[in-house]
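Colleague: here's my sequence, what's the structure:
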Amino acid sequence: MIKVCLIPGDGVGNEVIPAAAEVLAALGLRIEFTEAHAGFEYFKQSGDAIPDATLAAVEDCGVALFGATSSPSTKVQGYRSPILALRKAFDLYANLRPVQSLPGKFSRPNLDLLIVRENTEGLYAGRERLDGDTAIAERVITRQGSTRIAKMAFEQARKRNQHSVTVVHKANVLKVTDGLFRECALEVAKDYPEITMKEMLVDAMAMRLVRDPENFDVLVTTNLFGDILSDEASALIGGLGVAPSANIGEKVAVFEPVHGSAPDIAGQGVANPIGAILSAALLLDHIGQGAQADRVRQAVNETVKQSVLTKDLGGTATTRDVTRCIVSNL
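Modeller: Presented below is the predicted three-dimensional model:
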């Protein structure tokens, strides 16, 4: 029995996570779903954005599908970001964001790259403070964190039969923090002689993603850089609505579409479920169901070829239309 925890969260998460669960259920695997609460709306009702019961459910299942949350832009007493809480609670140190072409005119062809983002350190470590009229954020880079994310990147390149890993940094300016990150990556690269290690400054990488992304296999970088570059890269294949991601730890993994809660379209039935469904495919890969994951990806591709698309991709289909078509194409 495969146990999967579903955490729809806020906004369109409540539409795309059920869609992804429907696709998983249609595969004919023995899957037991557990639904759990998290998000800003739940926080307003209960005073807790992610209760201990949700963390326990994720730990019990080992894998979870997470939707989206509507995090406030200003500090709200008692609120904590559910996805950041999950990353911290289970040390989900690696964020994997594949960028693969879809067979639609909205997508750039011949792309198959993976951005491996460190997920627990950097400027997202949460170490901020006020010193009078000065706001200070500490950028935390550790040898352990840098080494293990570099190993993840090289292992992913080996697993995907890809030939290069590009280490993205800004060590020419951030000589201590990114200097350490770069040093650790260079050391790890020695254990993978069959894989070419390249390096690139983050601003140059941002340009190259626009100009010639076809020339890259696996990128590895720090938390903030990875967040920005992966969102940029999603535009190459149709935008955030089709972008999946995985948060990987030693014992637990959480899979989520890259998009947010999209309050402007929530409840209208027009949210794009492809990002969530492709995240479910990553979940299947993670639990050793690679053939089933490929079935899901092929069904998505067939749906795109049939032009059953939501508004963000230039179509008129609803969330339900796309989901039904993908299930049919399985």
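Colleague: and the residue positioned nearest the centre of the chain, what are its bridge partners?
Modeller: The chain has Ser245 as the residue nearest its centroid, 2.3 Å off, counting by C-alpha atoms, centre = their mean. When bridges are called by DSSP bridges, Ser245 pairs up with Glu256.
Colleague: got the contact list for it?
Modeller: Contact analysis of Ser245 by C-beta atoms under 8 Å, 6 or more residues apart in numbering lists Asn95, Leu96, Arg97, Ser230, Phe255, Glu256, Pro257, Val258, Ser279, Leu282. For every residue, glycine as well, the C-beta is placed using N, CA and C.
Colleague: most neighbours among those residues, which one is it?
Modeller: Among the contacts of Ser245, Pro257 has the most neighbours (other C-beta atoms under 10 Å), with 30 neighbours.
Colleague: mind listing what that residue touches?
Modeller: Val16, Gly67, Ala68, Leu240, Gly241, Ala243, Pro244, Ser245, Gly275, Ala276, Leu278, Ser279 are the contacts of Pro257 under C-beta under 8 Å, 6+ apart.
Colleague: going along the chain, name the strands of the protein.
Modeller: Taking DSSP state E, the strands of the chain run over residues 2-9, 31-35, 63-68, 94-100, 112-118, 128-131, 134-137, 164-169, 196-201, 218-221, 244-248, 253-257.
Colleague: would you mind writing the CA trace of the fifth one as CSV?
Modeller: What it means is strand 112-118. The C-alpha coordinates for strand 112-118 follow below in CSV (Å, rounded to 0.1, in the frame of the first residue of the first chain):
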residue,chain,number,x,y,z
ASP,A,112,15.5,18.8,-20.4
LEU,A,113,17.3,20.5,-17.5
LEU,A,114,17.1,20.2,-13.8
ILE,A,115,17.7,22.9,-11.2
VAL,A,116,18.9,21.6,-7.9
ARG,A,117,18.3,24.2,-5.2
GLU,A,118,19.6,24.1,-1.7
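Colleague: spit out the contact partners of the residue of the chain positioned farthest from its centre.
Modeller: Of all residues in the chain, Gly132 has its C-alpha farthest from the mean position, at 36.4 Å, by C-alpha atoms, centre = their mean. If you count contacts by C-beta under 8 Å, 6+ apart, Gly132 has none.
Colleague: now Gly260. Nearest residue, chain neighbours left out?
Modeller: Nearest residue to Gly260 in three dimensions, chain neighbours excluded: Ala68, at 5.1 Å (C-beta to C-beta, 6 or more residues apart in numbering).
Colleague: so what's that neighbour bridging to?
Modeller: Note on Ala68: beta-bridge partners Gly9, judged by DSSP bridges.
Colleague: excluding sequence neighbours, find me the nearest residue to Lys311.
Modeller: The nearest residue in space to Lys311 (C-beta to C-beta, 6+ apart) is Val270, at 5.6 Å.
Colleague: check Met1 too.
Modeller: Nearest to Met1 is Arg30, by C-beta to C-beta, 6+ apart, at 5.1 Å.
Colleague: now swap in Asp217 and tell me
Modeller: Using C-beta to C-beta, 6+ apart, the nearest residue to Asp217 is Gln162, at 3.7 Å.
Colleague: next one: Gln306
Modeller: Cys325 (6.6 Å).
Colleague: ok, the one you found to Ser101 distance?
Modeller: Here Cys325 is placed at a distance of 19 Å from Ser101 (C-beta to C-beta, to the nearest Å).
Colleague: thinking again about what came up before, how about the contacts made by the residue nearest to Asp217?
Modeller: Asp112, Leu114, Ile195, Asp217, Val218.
Colleague: tally of neighbours for the first one?
Modeller: By other C-beta under 10 Å, 14 other residues sit near Asp112.
Colleague: quick check: bridge partners of it?
Modeller: Residues in beta-bridge contact with Asp112 (DSSP bridges): Gln100.
Colleague: worst mean pLDDT among the strands of the chain?
Modeller: Among the strands of the chain, strand 128-131 carries the lowest mean pLDDT, a mean of 92.
Colleague: which residues touch that strand?
Modeller: Ala135, Ile136, Ala137, Glu138.
Colleague: what do you get for stretch 41-53?
Modeller: Contacts for stretch 41-53 (C-beta under 8 Å, 6+ apart): 10, 36-40, 69-70, 76, 78-82, 85-86.
Colleague: now, the most widely separated pair of those residues?
Modeller: The span of those, defined through C-beta to C-beta, is set by Ala36 and Val76 at 21.3 Å.
Colleague: more neighbours: which of these two?
Modeller: Ala36 (22 against 13).
Colleague: correct me, but the more buried one touches Cys61?
Modeller: No: Ala36 lies out of contact with Cys61 (C-beta atoms under 8 Å); the separation is 9.1 Å.
Colleague: between those two, what contacts are shared?
Modeller: Each of Cys5 lies in contact with both Ala36 and Cys61 under the rule C-beta under 8 Å, 6+ apart.
Colleague: ok so, going back, how about the strands of the chain in JSON lines, adding distance to Ser234?
Modeller: Formatted as JSON lines, these follow (distance: least, C-beta to C-beta, whole Å):
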{"stretch": "strand 2-9", "distance to Ser234": "19"}
{"stretch": "strand 31-35", "distance to Ser234": "27"}
{"stretch": "strand 63-68", "distance to Ser234": "15"}
{"stretch": "strand 94-100", "distance to Ser234": "7"}
{"stretch": "strand 112-118", "distance to Ser234": "10"}
{"stretch": "strand 128-131", "distance to Ser234": "27"}
{"stretch": "strand 134-137", "distance to Ser234": "25"}
{"stretch": "strand 164-169", "distance to Ser234": "16"}
{"stretch": "strand 196-201", "distance to Ser234": "19"}
{"stretch": "strand 218-221", "distance to Ser234": "13"}
{"stretch": "strand 244-248", "distance to Ser234": "10"}
{"stretch": "strand 253-257", "distance to Ser234": "10"}
